[in-house]
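**Student:** The sequence and its predicted three-dimensional model are supplied below.
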Amino acid sequence: MNLSRSQMILMIGGVFLIAFLLTIMPLPEGLSNWRPQWVALTLIFWILTLPERVGVGVAWSIGVVLDVLTGTLLGEHALSFSLIAFAVLKLHKRLRLFPPHQQSFTVLLLLLLDRLLNLWVTGALGYPAPGMAYWIPPVVGALFWPWIYPLLALIGERFR
Amino acid sequence: MVFAVLAALMLMVTDQRYRHLESLRSILTVAVYPLFFLARLPSDSLHWANERFRTMEDLIDQSTKIQVENFELKGRMAQYDALQAENTRLRDLLESSFRIPDRVLVAELMAVDLDPYRHHVVINKGSSSGVYVGQPVLDANAVIGQVVRVSPLTATVLMITDPRHALPVQVNRNGLRCIAEGTGRTDRLNLLYLPINADIQKGDLLVTSGLGGRIPTGYPVARVDEVRRESGQAFASVSAIPNVQVEQVRQVLLVWTLLPQVENAAPLWGGEPAAQEESASTPPAPDKPSGKLPKKERPTGKPMTRKREATPSP
């Protein structure tokens, strides 16, 4: 079943919207360090599913929106997301065929890249280095991936 | 790809160095405002349901408590007006500029989590309510921070616990001045550049000194928690626990002050010779070296804070 172009954009935007909401949704104090990078996960998924629609440009704009939303330096997430998007675009054919655990591992590396780039930017701004808790979200995100991927793939199926 | 990276880098540098992007950010913030609204919907509706489904006894209890508190506060206020008038007159005699909080606006915290490594919160009042960048944000019994960004409907507040925030404070006991710097932890502030023999001890209350020209004088900030003096070090390392419990704040106070900011800041840069000459006789003049404040200040400083400390507990 093929959907029209506008419906497709609506669908992609809708999933990103949910990811944004999950990002700023208040969590209990202890849990906020464990919040996975929802937007980055969503981005990786969409590029895997629709590499011809979602690319570096979309990743860049999504990054700017996230910067505005979370009050970080404008362009911080735009930078890391466009690099992630580039890597996924290069790898998407292989990534799709990977077994789940291998896919998770690749996602972990991508999420760590996002974290590392953000760390460089905040470090350049003069923020002190954060503790080990800074590296938890990519791990949580990678652990979630085997569940997120099939779930979103149900939606993605309709576009193929 | 290369283009996107370059664009991102340029955006970052511009945002960091120049002010041009503030309007862009403010427009985008308005565009994402519905997201903030949606994100706080679950917790808000929970709060709403909590308020709705309360028992009669609960409400009666609360109402009695509030009435008693109100009565007490009114009693104190009756004195306050007279005291304030007297204080202003005395300050006039000393030719010091003293700012009194004039207008106060209650804003609600929008229950959203931003980057956990930066202590920013978003409040639901923006430039359409007259909020400006640099405005002090207070709680009922402590300083929370200051506004760093405004958009028409919301404003972002940088809290005093953010590692990039430093606040001029003084010890309430003896008027010793220093700077309280955020550490990135919600339960800790560091006091910078205190000499090793500084008269400071555990349990001292720190209040704002007003020297930054932004936050009015005399609001409680934190309580000294630990003082370590290591011989060989130039400065003592002192940490304090902020009075504000960030996790429990739901409402904040935005304050407008009577005199424009410039008037208080001017003597700091040595601009007014008159203020310099007078400084020997005026205790609150900002250009005095710290540590040897006359005892004059004590009687005025202490009871004031005692009153404030007593305020929250009925």
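**Tutor:** Now that the structure is in, tell me what you want to look at.
**Student:** A:I148 belongs to a strand, doesn't it?
**Tutor:** No: counting by DSSP: H, G, I helix; E, B strand; the rest coil, A:I148 is not found in a strand; it is helix.
**Student:** quick one: pLDDT of it?
**Tutor:** pLDDT, A:I148: 86.
**Student:** how close does the residue lying closest to it once chain neighbours are set aside get to A:V140?
**Tutor:** Residue nearest to A:I148 in three dimensions, not counting chain neighbours: A:L41, with 6.0 Å by CB to CB, 6 or more residues apart in numbering or on different chains. C-beta coordinates here come from the backbone N, C-alpha and C atoms, glycine included. As defined by CB to CB, to the nearest Å, A:L41 lies at a distance of 10 Å from A:V140.
**Student:** Tell me which of these two has more neighbours.
**Tutor:** A:L41 (23 against 15; other CB atoms under 10 Å in any protein chain shown).
**Student:** gap between the residue nearest to A:I148 and A:I62?
**Tutor:** Counting by CB to CB - A:L41 and A:I62 are separated by 12 Å.
**Student:** what touches both of those two?
**Tutor:** Counting by CB atoms under 8 Å, 6 or more residues apart in numbering or on different chains, A:L41 and A:I62 have no shared contacts at all.
**Student:** what's the burial count for B:L191?
**Tutor:** For B:L191, the neighbour count with other CB under 10 Å is 25.
**Student:** for it, helix, strand, or coil?
**Tutor:** Applying three-state DSSP: B:L191 is strand.
**Student:** pLDDT score assigned to the closest residue to B:T186 other than its chain neighbours?
**Tutor:** Nearest residue to B:T186, sequence neighbours excluded (CB to CB, 6+ apart): B:V246, at 4.9 Å. Predicted confidence (pLDDT) for B:V246: 70.
**Student:** which intervals of chain A have sub-threshold pLDDT?
**Tutor:** Applying pLDDT under 70 to chain A picks out residues A:1-3, A:29, A:156, A:158-160.
**Student:** Pull up the residues of it that are close to chain B.
**Tutor:** Neighbours of chain B within chain A, by CB under 8 Å from any CB of the partner chain: A:17, A:20-21, A:24-27, A:29, A:32-33, A:35, A:56-57, A:59-60, A:63-65, A:68-76, A:78-79, A:82-83, A:86, A:121-122, A:125-128, A:130, A:134.
**Student:** Buried among those residues? Make that a PyMOL selection.
**Tutor:** Selection of buried members from the residues of chain A next to chain B for PyMOL, criterion 16 or more other CB atoms under 10 Å in any protein chain shown:
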select buried, chain A and resi 20+21+24+25+26+33+35+56+59+60+63+64+65+68+69+70+71+72+73+74+75+76+78+79+82+83+86+121+122+127+130+134
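**Student:** Am I right that B:Y132 falls within a helix?
**Tutor:** No: secondary structure of B:Y132 (three-state DSSP): coil, not part of a helix.
**Student:** I'd guessed it sits against B:Q146; true?
**Tutor:** No: counting by CB atoms under 8 Å, B:Y132 stays clear of B:Q146, with 10.2 Å between them.
**Student:** For chain A, just list every one of the helices.
**Tutor:** All helices of chain A, identified by DSSP state H, fall at A:5-24, A:38-49, A:56-70, A:76-97, A:100-125, A:136-156.
**Student:** most tightly surrounded among those helices?
**Tutor:** Counting by mean count of other CB atoms under 10 Å in any protein chain shown, helix A:38-49 has the highest mean neighbour count of the helices of chain A, with a mean of 24.
**Student:** Thanks again, I'm all set now.
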